[in-house]
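>>> here's my sequence, what's the structure:
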Amino acid sequence: MSVDVQKKLDHSFLKLFTKDLQPFSVVDDAGFKEFVHLLNPAYKIPKRHSVSKVLIPAEYEKCLNAMKDVIEKDLETACITTNCWTSRNTEGLMAIKLHFIDQNFVLKSILLSCHPYSESHTSENLSKEIKNVLQQWGV
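Numbers count the residues shown, from 1 in each chain. This next block holds a predicted model:
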């Protein structure tokens, strides 16, 4: 199997974890290995450590750079939405999303951040946090 084909399959394989939220341990399951081998005996299933420490961080960087390119190329004016909530384990969280219409009149929405947030939800604190996230993105 060529390196390009392996990379293409690895990229698709990552969707098990990023879209379907499967646990990394699935790569160790005998039934899963057998199934993949039947589909393509030449495909080498990445190890759990490789998935979590190499492939997913690389995919994250690729997505992050793609979103930065979209913002740089298509963004003229935007709307920002934010939401704060408490998780089931009582951790405060905050999400900040950017919405805009691109040059082809297509609505774009980009999640800029979803992170722990324990400050009081005053307008001053929220404003400060939103500004920090926008600065990190260069917006």
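>>> contacts only, for the residue positioned nearest the centre of the chain.
For the chain, the residue nearest the mean C-alpha position is residue 60 (5.7 Å; CA atoms, centre = their mean). If you count contacts by CB atoms under 8 Å, 6 or more residues apart in numbering, residue 60 has none. Where C-beta positions appear, they are placed from N, C-alpha and C, glycine not excepted.
>>> in the helix or strand hosting residue 12, what counts as buried?
Secondary structure assigned from DSSP states H and E places residue 12 in helix 3-13. By 16 or more other CB atoms under 10 Å, the buried positions in helix 3-13 come out as 9, 10, 13.
>>> who's in contact with that helix?
For helix 3-13, contacts defined as CB under 8 Å, 6+ apart pick out 40, 43, 44, 45, 46, 55, 59.
>>> hey, where'd the helices end up in the protein?
Counting by DSSP state H, one finds helices in the chain at the ranges 3-13, 15-18, 30-39, 48-50, 56-74, 123-137.
>>> which one of those is the most hemmed in?
Neighbour counts (mean count of other CB atoms under 10 Å) averaged over each of the helices of the chain peak at helix 15-18, with a mean of 14.
>>> chain center to stretch 8-15: distance?
15 Å (CA atoms, centre = their mean, to the nearest Å).
>>> quick one: average pLDDT of it?
Averaged over stretch 8-15, pLDDT sits at 93.
>>> just the CA trace of it, in PDB.
The C-alpha trace of stretch 8-15 is given here as PDB (Å, rounded to 0.1, in the frame of the first residue of the first chain):
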ATOM      1  CA  LYS A   8      -6.100   8.800   3.000                       C
ATOM      2  CA  LEU A   9      -7.400   5.800   4.900                       C
ATOM      3  CA  ASP A  10      -6.000   7.100   8.200                       C
ATOM      4  CA  HIS A  11      -7.900  10.400   7.600                       C
ATOM      5  CA  SER A  12     -11.100   8.500   7.000                       C
ATOM      6  CA  PHE A  13     -10.400   6.200  10.000                       C
ATOM      7  CA  LEU A  14     -10.100   9.200  12.300                       C
ATOM      8  CA  LYS A  15     -13.800   9.900  11.700                       C
END
